[in-house]
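>>> Sequence and predicted model, in that order:
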Amino acid sequence: MAPRKYKTLDAVEAAYFHNHPEEVDAYIQDIFEEYAQTRDASALLASLRVIAKVKGLSDIAAHIGVTRQGLQKALSAKGNPRFENINAIMNAFGYQLMPQKIDRDVA
C-alpha cells in the first residue's frame, strides 16, 4: 500500500483562495491586522506566500524583478525581506502599504 500524501496547510489555503478569489482582500486585511498584534513576521510571510501562489509566483516575481526562487526565499519562514521587497510584492498583488492610526491611550 502506497503511503498517503497529505496536503500542506499552504496548499489547502492556496486552493481555497483559487476557488474564492473574492475573499483575498479580507484575508490580506486580516493577516496584517494579526501581524500588528502578534509581530509574528514568519506567519505574515507564510500568508503572503499563499497569496503569491494564488496570484502566480512567476508573475509576481517578474513584476518585482526577482527570480521565482528569490521570491520563495524572501517569503519563507526564514526569509528576511527588505521593506522595499514587501512593498513591491504588495504592489504586485494590487495593494499599497499605508499607515493606519492606532487607537490607544498614551500615558
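Sure thing, it's come through.

>>> Might you list the low-confidence residue ranges for the chain?
Residue ranges of the chain with pLDDT under 70: 105-107.

>>> which non-adjacent residue is nearest the most centrally placed residue in it?
For the chain, the residue sitting closest to the mean C-alpha position, by Cα atoms, centre = their mean, is Leu48 at 0.5 Å. Nearest residue to Leu48, sequence neighbours excluded (Cβ to Cβ, 6 or more residues apart in numbering): Leu75, at 5.4 Å. (C-beta placed from N, C-alpha, C; glycine too.)

>>> what about the one you found, how many neighbours?
The tally of other residues near Leu75 (other Cβ atoms under 10 Å) stands at 25.

>>> now Ala52
Around Ala52 there are 24 other residues, counting by other Cβ under 10 Å.

>>> for it, what are its contacts?
60, 71, 75, 89, 93 (Cβ atoms under 8 Å, 6 or more residues apart in numbering).

>>> so which helix or strand takes in the second one?
Under the assignment given by DSSP states H and E, the secondary-structure element containing Leu71 is helix 68-74.

>>> Next, the buried residues of the helix or strand following that helix.
Downstream of helix 68-74, the first helix or strand assigned by DSSP H and E is helix 83-93. Neighbour-count burial for helix 83-93 flags 85-86, 88-90, 92-93 (criterion: 16 or more other Cβ atoms under 10 Å).
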